[in-house]
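> everything below, folded, please.
(one chain, ligands or ions: 1)
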Amino acid sequence: MPNGPEPAARRVLYGRRMGRPLRAGQKALLDTLLPRIGIDGDALCAPFDPRPLFGPRVSEVWLEIGFGAGEHLAAQARARPDVGLIGCEPFINGVARLLAEIAAEGLENVRILHDDARLLLAALGPETLGRAFVLFPDPWPKTRHHKRRVVGPDTVDRLARALADGAELRIATDDPGYKGWILRHVLAHGAFEWTARRPGDWRARPAGWPGTRYEEKAGGAGRVPAFLTFVRRPRTLCQSS
Ligand SMILES: C[S@@+](CC[C@H](N)C(=O)[O-])C[C@H]1O[C@@H](n2cnc3c(N)ncnc32)[C@H](O)[C@@H]1O
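This next block holds a predicted model:
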């Protein structure tokens with residue numbers, strides 16, 4: 001840990017951070033591109049405003065927590081060059097895959113935290129995000145592992161602070177137990193409204209929501225995903241964050 005300001009949160013990571021050995025081209029991108037577009041988790045201080053990371057061409061910033069191999073994030077960045085995308089992912093092979101996509105397509109509007117998303121969430125200032133995605137977070141199905149789930153009271157509270165009024169929070173899962181947990185925790189917070197009015201609203205992936213590799217695997221294994229869209233309720237005049 002470098003000298004400098006106290007980080008806003010400690011990293012708490014479960015799951016693997018490294019898979020297959022990286023190819024030479026992937027290592028080269030980690031050495032050259034990641035330092036240019038990476039966010040240093042240890043240097044984050046609250047309140048952090050991510051908008052200056054992107055410059056004036058970007059009108060708002062969206063966050064993806066646990067982007068895996070990055071196909072959803074890259075698709076969003078491609079579709080919306082006016083939006084800055086921050087992706088958080090501790091798994092180095094996933095980061096390497098997204099870097100390859102960014103380099104191949106010349107995507108200018110992506111920044112990467114190769115680390116625990118909670119470092120960023122703890123630092124983000126109020127109303128600094130226009131949208132957030134948590135797509136197929138690890139379900140940790142055993143009861144004794146539920147505390148490892150990335151969606152929980154702290155994350156929901158920090159997202160409620162960072163998301164602007166009317167901003168969407170999109171969460172997907174193929175685990176029925178985690179679906180119930182997510183709905184309970186997000187709706188208990190009070191800052192979010194679930195937009196679904198009928199089962200078809202969450203059983204089918206909505207337009208403008210690109211698929212992910214994990215979703216494909218889940219479908220192949222016969223698991224049925226839930227696509228949950230919440231909207232950040234407007235703050236009242238008495239609430240500042
Ligand atoms: C089941 S995978 C889903 C990946 C991708 N979203 C998809 O749908 O293909 C969950 C991902 O969350 C990442 N992850 C786990 N804990 C995290 C954390 N604290 N911050 C950011 N990402 C995390 C894992 O490394 C993994 O890549």
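> now stretch 112-132: buried residues?
112-124, 126-132 (16 or more other Cβ atoms under 10 Å). Quick note: C-beta positions are derived from backbone N, CA and C, even for glycine.
> quick one: secondary structure of residue 97?
helix (DSSP: H, G, I helix; E, B strand; the rest coil).
> ok, it to residue 89 distance?
10 Å (Cβ to Cβ, to the nearest Å).
> same check on residue 145?
Taking Cβ to Cβ, one finds residue 145 at 20 Å from residue 89.
> neighbour count winner among these two?
Shown here are residue 145 and residue 89; by other Cβ atoms under 10 Å, residue 89 has more neighbours (25 against 12).
> need the phi and psi values for the more buried one.
The phi and psi values for residue 89, taken as degrees, to the nearest 10, are phi -160, psi 120.
> my read is that residue 54 contacts residue 84, right?
Yes - counting by Cβ atoms under 8 Å, residue 54 does reach residue 84; the two are 3.6 Å apart.
> more crowded one of those two?
Neighbours per residue (other Cβ under 10 Å) separate residue 54 from residue 84, with residue 84 holding more: 26 against 20.
> one step back: who touches both of residue 97 and residue 89?
Common contacts of residue 97 and residue 89 (Cβ atoms under 8 Å, 6 or more residues apart in numbering): residue 70.
> what's the neighbour count on the nearest residue to residue 226 once chain neighbours are set aside?
Nearest residue to residue 226, sequence neighbours excluded (Cβ to Cβ, 6 or more residues apart in numbering): residue 179, at 4.7 Å. Residues lying near residue 179 (other Cβ under 10 Å) number 19.
> just the element for residue 179, please.
Per DSSP states H and E, residue 179 falls inside helix 176-189.
> that helix packs against which elements?
helix 153-162, strand 163-173, strand 192-194, strand 226-232 (3 or more Cβ pairs under 8 Å, 6 or more residues apart in numbering; DSSP states H and E).
> and it, what's its mean pLDDT?
Per-region confidence: helix 176-189 scores 98 on mean pLDDT.
> so where do the strands sit in this structure?
Along the chain, the segments classed as strands by DSSP state E run 60-65, 83-88, 110-113, 129-135, 163-173, 192-194, 226-232.
> next, format the ones you listed as a markdown table and append distance to residue 24.
What follows is the strands of the chain, written out as a markdown table (distance: least, Cβ to Cβ, whole Å):
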| stretch | distance to residue 24 |
| --- | --- |
| strand 60-65 | 27 |
| strand 83-88 | 23 |
| strand 110-113 | 20 |
| strand 129-135 | 30 |
| strand 163-173 | 34 |
| strand 192-194 | 45 |
| strand 226-232 | 38 |
